[in-house]
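Asker: I would like the atomic coordinates for the input below:
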Amino acid sequence: MDRLWALSRQGSNSGRGFHYQDAVATELAVRMWNVQLPIRRIVPEGLDDISVELDTHWLHLQAKSRREHRGEFTLADIAPWSHLAERLRADHTAHVGLVLERPLRGATTGFERTLADVVSPQVRAAVSRAVEADVDPNEFMARTHVLVMPALEATAVAMLSERLNLPPATCHAHYGRLSGSPRV
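Answerer: All right, here's what the predicted structure looks like:
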């Protein structure tokens, strides 16, 4: 019975993941508009969940949601390392990244840093093993980013409110239009 209940929740979990992906793309767009990130263009469902064109290269992002009660991500929870390595092998100038709703144990995060700069020896060893058949692990670490981004609607609404000089309540409709989810 437990197995059937778990299987019945897959649609809910997938839906949550899609909503998280939309929220990440929306927050990135608002940050771009606020000139907080040097983004030229955002392509949802590009070569990955979200592809971001920067001045010097593309950044292909996998967005991973995680319910609060499950806590931080662990290495065992993160499977797309070889998937990301494929993107790097296909485009020698691109970077890739994971956008996580919760922290990854053993990794400091941020777009301005790569895994080569921020991971613990345990994370480095595990990621190296996961990608060594696809790309040079050191190259992978130098071109891969991890960002923790809760992507809360309130964050994007606050940025819109400040930029537009409008009350936050008014900006929920703007957020809805940007994220593709209708708001009343």
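Asker: Verify the stated contact: Arg102 with Asp77.
Answerer: No. The criterion here is CB atoms under 8 Å, and Arg102 misses it with Asp77 at 9.4 Å. (Each C-beta comes from the backbone N, C-alpha and C, glycine too.)
Asker: which sections of this protein are below the confidence cut-off?
Answerer: Filtered on pLDDT under 70, the chain yields the residue ranges 1-14, 182-184.
Asker: Which stretches in the protein count as helices?
Answerer: 2-8, 10-33, 81-90, 115-118, 121-131, 137-142, 153-164, 168-179 (DSSP state H).
Asker: between these, which one is nearest to Val96?
Answerer: helix 81-90 (4.1 Å; CB to CB).
Asker: counting contacts, what elements does that closest one pack onto?
Answerer: The contact analysis (3 or more CB pairs under 8 Å, 6 or more residues apart in numbering; DSSP states H and E) places helix 81-90 against strand 58-64, strand 95-100, helix 121-131, helix 137-142.
Asker: Repeat the analysis, applying 6 Å as the threshold.
Answerer: strand 95-100, helix 121-131 (3 or more CB pairs under 6 Å, 6 or more residues apart in numbering; DSSP states H and E).
Asker: Next, format those as JSON lines and append distance to Val157 and mean neighbour count.
Answerer: Putting the helices and strands packed on helix 81-90 into JSON lines (distance: least, CB to CB, whole Å; neighbours: other CB atoms under 10 Å) gives the following:
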{"stretch": "strand 95-100", "distance to Val157": "19", "mean neighbour count": "24"}
{"stretch": "helix 121-131", "distance to Val157": "34", "mean neighbour count": "16"}
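Asker: Using a markdown table, lay out those together with distance to Val52.
Answerer: Formatted as a markdown table, these follow (distance: least, CB to CB, whole Å):
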| stretch | distance to Val52 |
| --- | --- |
| strand 95-100 | 9 |
| helix 121-131 | 21 |
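Asker: So which of these is nearest His174?
Answerer: His174 sits nearest to strand 95-100 of all the helices and strands packed on helix 81-90, at 22.0 Å, using CB to CB.
Asker: Sheet-wise, list the partners of the closest one with their directions.
Answerer: strand 58-64 (parallel), strand 144-148 (parallel) (DSSP bridges).
Asker: ok, back up a step: who's more crowded, Arg102 and Asp77?
Answerer: Between Arg102 and Asp77, counting by other CB atoms under 10 Å, Arg102 is the more crowded of the two (18 against 15).
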